[in-house]
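>>> Quick one, structure for this:
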Amino acid sequence: MARKEEIIVGRRLKTSYISTVVSITLVLFVLGLLGLVIMHAHKISDHVKENIGISVILHENASAADISHLQKTLDIMPGVNSTEFISGEQAARQLVADLGEDFVAFLGYNPLNPIIEVRFKAGYANADSLAVFEAGLLKNRVVREVDYQKDLVHLVNENVRKISLVLLMFSSLLMVIAFALINNTIRLSVFSKRFLIKSMQLVGATQGFIRQPFVIKGIIQGIIGATLAIALLIFSLYTAQKHIPELVAFQDVKMLFSLFLLVIFLGIVISWISTHFAVKKYLKIKTDNLYFY
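Just a heads-up that it's a prediction; the model follows:
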């Protein structure tokens, strides 16, 4: 009979351990998915910003030396990502290809001026930086005008700001929910051992001695749960890349590694804090009240 009870208790402990690990895994997996969404949203927003360029339209009589000097000056500027010189002839050929008609032959001359297309780094692709850049360029004697879509720049930055704010609020809310779920799961696990905790306390064991094995077990559960969550994240990312190959261009190994470390860190810290306070609660409860908590 005693042997049968030991088997039943052992099964319950294993079930409790597995359910705790599964709960931690699922919660950390959802947090990790949110992290992947935020990471890719950031990379995509940077990609969009870096493709917002401006056209520096030059005077048609600008010398090759002046154009070369201007382009080299632009290349070494901290906010500039890349530059491309397009001669009037190249611009005309491209426009003829787009229109399907030879407007140069119709007009009898090429009305297009040479241009330097400038692409900026994401941090500089905003209205204020571009306005300062434009004002500085217009002082150059070879620059005729600076053309870019100001409304588009404002719209992109405004949308990125709104999306970032929404993701920040959602991630904060999810963090609170994740902590509450993992905390409740671990408290239920500790609850099943409340009589053991009180028995150890009654025979003279110190609080630190009683708490230590529970905390260690909680940390181990957090590490296992985080590892499983990372495995699910890698599988999800691999599946997404198979269906959307364009995602490969936005991968950043360092950011992924940082995200995985964050998942492990959260698994350990949340499990440790939850276990610590759960055990502390039952250390302070009076023996007569153990049946009511």
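
>>> so what's the residue sitting nearest the centre point of the chain up against?
In the chain, the C-alpha nearest the mean C-alpha coordinate belongs to M39, at 2.3 Å (CA atoms, centre = their mean). When the contact criterion is CB atoms under 8 Å, 6 or more residues apart in numbering, the partners of M39 are D252, M255, L256, L259. In short, each C-beta sits where N, CA and C put it, glycine included.

>>> what about the strands in this protein?
Counting by DSSP state E, the chain has strands at residues 53-58, 80-86, 115-120, 143-147.

>>> so what secondary structure elements neighbour the shortest one?
The helices and strands touching strand 143-147, judged by 3 or more CB pairs under 8 Å, 6 or more residues apart in numbering; DSSP states H and E, are strand 53-58, helix 127-137.

>>> and among those, the most buried is which?
Using mean count of other CB atoms under 10 Å, the stretch among the helices and strands packed on strand 143-147 with the largest mean neighbour count is strand 53-58, at a mean of 21.

>>> Put the alpha carbons of that one into PDB.
C-alpha atoms of strand 53-58 as PDB (Å, rounded to 0.1, in the frame of the first residue of the first chain):
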ATOM      1  CA  GLY A  53      16.900  59.400 -50.700                       C
ATOM      2  CA  ILE A  54      17.300  62.900 -52.000                       C
ATOM      3  CA  SER A  55      18.200  64.000 -55.500                       C
ATOM      4  CA  VAL A  56      20.900  66.700 -55.600                       C
ATOM      5  CA  ILE A  57      20.300  68.300 -59.000                       C
ATOM      6  CA  LEU A  58      23.400  69.900 -60.400                       C
END
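
>>> Okay, now the sheet partners of it, with direction.
strand 115-120 (antiparallel), strand 143-147 (antiparallel) (DSSP bridges).

>>> what about the helices in the stretch 151-293 of the chain?
194-202, 207-243, 253-284 (DSSP state H, counting those that start in this stretch).

>>> how about these in CSV, adding mean neighbour count, mean pLDDT and distance to V156?
As requested, the helices of the stretch 151-293 of the chain are exported to CSV (neighbours: other CB atoms under 10 Å; pLDDT from 0 to 100; distance: least, CB to CB, whole Å):
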stretch, mean neighbour count, mean pLDDT, distance to V156
helix 194-202, 16, 71, 56
helix 207-243, 16, 85, 24
helix 253-284, 17, 82, 22
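
>>> Show me the one of those that comes nearest F85.
helix 253-284 (33.5 Å; CB to CB).

>>> need the contact list for Q71.
T83, F85, I116.

>>> Closest one of the residues you listed to I270?
T83 (48.5 Å).

>>> Minimum distance to L130: which of the strands of the chain has it?
strand 53-58 (6.6 Å).

>>> Quick one: work out the angle between the closest one and strand 80-86.
Going by axes from the mean of the first three to the mean of the last three CA atoms, to 10 degrees, strand 53-58 is angled at 50 degrees with respect to strand 80-86.

>>> what's next to strand 53-58, contact-wise?
Residues contacting strand 53-58 (CB under 8 Å, 6+ apart): 67, 70, 74, 113-120, 130, 133-134, 137, 142-148.

>>> where does this structure have low pLDDT?
Within the chain, the ranges that satisfy pLDDT under 70 run 1-17, 103-104, 106-107, 109, 188-189, 191-194, 198, 201, 246-250, 282-293.

>>> rewinding a little: buried among the contacts of strand 53-58? Need that as a selection in ChimeraX.
Here is the ChimeraX selection string for the buried members of the contacts of strand 53-58, based on 16 or more other CB atoms under 10 Å:
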select :67,70,74,113,114,115,116,118,119,120,130,133,134,137,142,143,144,146,148
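
>>> related to what we said a few turns ago, now the strands of the chain as JSON lines including distance to L165?
JSON lines is the format used below for those (distance: least, CB to CB, whole Å):
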{"stretch": "strand 53-58", "distance to L165": "27"}
{"stretch": "strand 80-86", "distance to L165": "26"}
{"stretch": "strand 115-120", "distance to L165": "23"}
{"stretch": "strand 143-147", "distance to L165": "31"}
